[in-house]
Each structure stands twice: as structure tokens, then as C-alpha cells.
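Engineer: Test case, fold it:
(one chain, ligands or ions: 1)
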Amino acid sequence: MAASREHFGRLGVILALAGSAIGLGNIWRFPYMVGEYGGAAFIIVYLAFSFLISLPAFVAESIIGRRARKSTYDALETLAPGTPWKWLGLVAVAGAFIITSFYSVVGGWSLDFLARSVVRGFDPVHPEEAAGIFGRMTASGIEPLLAHALFLGFNCMIIVLGVKKGIGRFSKICMPLLFVLIVAMMFFSLSLPGAQAGLDYLLTPDFSRLTPRGIACALGQSFFSMSIGMGVVLTYSSYMKKSQNILGTSVLTLVFDVMFAIIAGFVVMPAVFSAGLAPEAGPSLVFEGIPYIFAQMSASSPLLGRTVAVAFFLTILIAAITSEISMIEVSVSMLMERLGWTRRRATTAIFLAALLLGCWCSLRSGVFAFCDYVSSNWFMMLGALAFTVFVGWKMDRADVRDEFTNGGKLKLASALFPAFHFIIKYLLPPAILVIFLTNLL
Ligand code: PHE
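Structural biologist: Residues are numbered from 1 along each chain as shown. Below you'll find the model as predicted:
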């Protein structure tokens, strides 16, 4: 099986990893977390965690995947045969599956709002109406379910096409487009009247609002945003060529991801303040606040209002798709490898299962919040802890070194290796544990 394993092209793997990282986490979750936990204060901690903790954790997970060239469960079984490590791999896959389901519900909302923007736009006469659309849509029951099914179905179609032709090709087309869209949106948002207040909010740290819980959430957000601990990085890296530089790829992914989150903050916050809304609105921030702006804008120029709305929701939708497919691939690749299923059959099974759990999340906001909370605070932390301990303590140091430095060929990576190994072995596990416990209390 290993001989026939599919692989990404050189650029394909970077764009696919960046595609997985950049998602709703950046555009929808990051801004409301910044809003809840003290603006720039949260951003500073988030950045520090991203470079000090997430980056090494990402590299560690990537090393497991490329070393074993297997999906999550089998990778751990290959590298540590006959040990219980594989069960931790299964926990990661379960976490990825839970995210797949509720993420698809939010993906459905973006699809719904994109369709709305294309077909009707937002009513310029009663802009406050626009903020209520989200509530009515989610309360209607059937509409979000349909959108969720459509979104999930489209993602599964990409997965059926395979690693290179599906995931790789979609990422290559969409990631550049995504950057163009978000930068254009930023310029637009900054030019809104009252945008300055949003900028001030993003740039002024309010440390009194940065509670211990906020600090724990900053790490949770960083892991979520980098898709760490769920077997996504592991699975994608198992399709990576041996000649590719793991450290370089990881740094690039992190830089893209962080840049995108900050730019998204510059898109959402000025717009929120310009509309006079509260930045602490929580998960509905993007879907209630932003349509309000589009409606106001349509009063002076219907065409402009409509165009910007379409661009905005298209951005969210594409970002959501490139992340969703990475999560689906975790379960699909495991089913293919474990049970010998075809790609089509494995994808169909995951489609049906995620459809069901997603519908439940969509109909019960309590279930949705539970899945969101449990996956990003429990599963991700546990997964990240398991992968780092595995690389630091279980894997042979020489093997880790071999993957990190491509057999000693990479000079910079060779020089950095002792520091990397020290961090993975001694610093990351206690750091993740402390933050995990803070979150529990
Ligand atoms: N990183 C994605 C985002 O920011 C979410 C994600 C989490 C994707 C876990 C894969 C695994 O939206």
C-alpha cells in the first residue's frame, strides 16, 4: 500500500496545509475571541503561543505523518507497534470527526449568506433587519440543515477526487484567490466611517480583560487555527515527499495563518465598530454584524453593497471548504487504510455520519456549543499532547532528526534540531498540560 500512496506536489502541500489552517477559525472565531478577551492583549498572547508552542507542535505532528506515511491510527501503530499509542490516534480522529460535523453547519451558514447576497442582497431601508436574518435563519430549522448538507456534500466531492486532483488542485486555485479577497476586503473595511474605533480596539491592549481563561483560550485558538492535534497535519504530511523541508513548510503555514487572522481582524472589527455593534457579541458576530454594514452600504450604492457582500461570504466559504476537506480526509484515509475501503465508499460513510451529527448540532445550540467546546479544549489539547510526547519521548531521537533535517541535508534545520528536540521533550508537554488544566478549572 505504501508504494501506491498518493502524494502532493511541492507547492500543493504548502497550500493544502495553509488551506487547512486558514478557515472559519481565522475569520469567524478569531475576531470574536479578540472581542471577548481584551483586543490587542489577546492578540499578543496568541502570537506568542503560535510561535512558541503551536509551531513546534505542528512540526512534531508533521514528523510522525511523514515518517510513517500512514494515516493517524496506522501511523502510530507503525512507529510504535503493539503499543496503546494507536488508541490516542483514534481519539484524534474522533476529535477531527466532531469538528467536521459542527464546522459544516457554520460552512452551511456561509453558503446560505452567500446565496442570499447573490439573490437578494440586504435590505437598505431597514439595515437593522439584516442583523436579525441570522437568528431567523438558524431558528427556521430546515434552511440551515439543507445548507449544511449541501456544504458537506460539496466537500465530499472534492475528497472523492483524491489527494492531488481533489485537495491539491482545489487549494492551488483557491488559496491565492482567498488572499486577494481578504486584502481587498480589508482596504474596504478600513475606509468605512468610524473604522478608526475598530482599529483602536484591535491595537490597544486591555490586559484587565485577559483572564486566565482568556489565556487558555488563546492557546486553544492557536491550536484550532493551525489544525493541530487532530491528525490533519499528520495525514497531510503523510502525503509529503521526502525531499520537502518540514520546518520550512511549517513556518510558512504559520506565517500565512497568522497573517490571515490579523487581516481578518482588520476586516471584521472596523466594520463592527462602524455599525455601532458590540465586539463581544460572540459566535454570531460575523453573521449579524457584517450584514448590517452591507445593508447600510446598499442604501447609497446597491451594486457596491451587493458586490462586497458576495466577496465577503465567498471568502468565508472558500476558507471553510479548504479546512473542512482536511478534516474529512483524516477519517476517510483511516477508513481506507484500516478497512480496505475505496475512497468513494469511505467518503460516503463519513458524509452520512457527519450529516447526522451536524443536523443535531444545527437543531440544538447546546449540542453545537458542546461539540465546539469539547473538540477545541479537550480533544485538540489531548491530541497535541499525545503527538508531542510521542515525538519527544517515544520515537527514536535519530529518526526524529532524520525527518527534521532530511537525513542531515538541511543545514539550518540541523543546527536548530537540538533546540527543537529540547522544546518538544521538556517544554511543550508541561505547557500544554498547564493550559489544559486552566481551562478545566
Ligand atoms: N484550522 C481550521 C480553522 O482555522 C479549523 C480546523 C481545526 C481544521 C482542526 C482542521 C482541524 O478554521
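Engineer: How about the strand or helix carrying Leu114 and the ligand, touching?
Structural biologist: Element membership of Leu114, judged by DSSP states H and E, is helix 85-119. Yes - remark: helix 85-119 sits within contact range of the ligand at 96, 99, by C-beta under 6 Å from any ligand atom. (Glycine included, C-beta is placed from N, CA and C.)
Engineer: Tell me the gap between that helix and the middle of its chain.
Structural biologist: In terms of C-alpha atoms, centre = their mean, to the nearest Å, the gap separating the centre of helix 85-119 from the centre of its chain is 10 Å.
Engineer: for stretch 244-261, same thing?
Structural biologist: The answer for stretch 244-261 is 13 Å, by C-alpha atoms, centre = their mean.
Engineer: With the ligand in mind, check whether it reaches it.
Structural biologist: No - Stretch 244-261 does not reach the ligand (C-beta under 6 Å from any ligand atom); its nearest approach is 7.5 Å.
Engineer: Please enumerate the helices of the stretch 101-250 of the chain.
Structural biologist: Per DSSP state H, counting those that start in this stretch, the stretch 101-250 of the chain carries helices over the ranges 127-139, 142-161, 169-190, 195-203, 212-225, 232-237, 246-274.
Engineer: Include mean pLDDT and mean neighbour count when you put those helices into JSON lines, please.
Structural biologist: Shown next, in JSON lines, are the helices of the stretch 101-250 of the chain (pLDDT from 0 to 100; neighbours: other C-beta atoms under 10 Å):
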{"stretch": "helix 127-139", "mean pLDDT": "81", "mean neighbour count": "16"}
{"stretch": "helix 142-161", "mean pLDDT": "96", "mean neighbour count": "19"}
{"stretch": "helix 169-190", "mean pLDDT": "92", "mean neighbour count": "18"}
{"stretch": "helix 195-203", "mean pLDDT": "89", "mean neighbour count": "18"}
{"stretch": "helix 212-225", "mean pLDDT": "90", "mean neighbour count": "23"}
{"stretch": "helix 232-237", "mean pLDDT": "97", "mean neighbour count": "30"}
{"stretch": "helix 246-274", "mean pLDDT": "94", "mean neighbour count": "23"}
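Engineer: Just put those helices in a markdown table and tack on distance to Asp112.
Structural biologist: Listed next are the helices of the stretch 101-250 of the chain as a markdown table, based on distance: least, C-beta to C-beta, whole Å:
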| stretch | distance to Asp112 |
| --- | --- |
| helix 127-139 | 6 |
| helix 142-161 | 4 |
| helix 169-190 | 19 |
| helix 195-203 | 26 |
| helix 212-225 | 23 |
| helix 232-237 | 26 |
| helix 246-274 | 19 |
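Engineer: Out of those helices, which is closest to Leu88?
Structural biologist: Among the helices of the stretch 101-250 of the chain, the nearest to Leu88 by C-beta to C-beta is helix 232-237 (11.5 Å).
Engineer: Next to the ligand in this structure, residues from the protein, please.
Structural biologist: By the rule C-beta under 6 Å from any ligand atom, the part of the chain lying against the ligand is 20-21, 23-26, 96, 99, 224-225, 227, 230, 232, 323, 326-327.
Engineer: hmm, 8 Å instead?
Structural biologist: For the chain, the contact set with the ligand under C-beta under 8 Å from any ligand atom comprises 20-26, 28-29, 96, 99, 103, 224-230, 232, 257, 319-320, 323-324, 326-327, 330, 375-376, 380.
Engineer: quick one: contacts for the residue in the stretch 101-250 of the chain that the ligand sits nearest to?
Structural biologist: Closest residue of the stretch 101-250 of the chain to the ligand, C-beta to the nearest ligand atom: Ser227 (3.5 Å). Counting by C-beta atoms under 8 Å, 6 or more residues apart in numbering, Ser227 touches 17, 20-21, 233, 323, 326-327.
Engineer: so what does the helix holding Leu114 touch, helix or strand wise?
Structural biologist: helix 24, helix 72-79, helix 127-139, helix 142-161, helix 302-339, helix 343-363, helix 365-374, helix 380-389 (3 or more C-beta pairs under 8 Å, 6 or more residues apart in numbering; DSSP states H and E).
Engineer: Averaged pLDDT, the longest one. What do you get?
Structural biologist: Across helix 302-339, pLDDT averages out at 94.
Engineer: Leaving out sequence neighbours, find the closest residue to whichever residue of the stretch 51-200 of the chain sits closest to the ligand.
Structural biologist: Among the residues of the stretch 51-200 of the chain, Ile99 lies closest to the ligand, at 5.2 Å counting by C-beta to the nearest ligand atom. Using C-beta to C-beta, 6 or more residues apart in numbering and skipping the chain neighbours, the partner closest in space to Ile99 is Ser375 (4.9 Å).
Engineer: residues touching that neighbour, list them.
Structural biologist: Applying C-beta under 8 Å, 6+ apart to Ser375 gives the contacts 95, 98-99, 102.
Engineer: do Ser222 as well
Structural biologist: For Ser222, the contacting residues are 46, 49-50, 53-54, by C-beta under 8 Å, 6+ apart.
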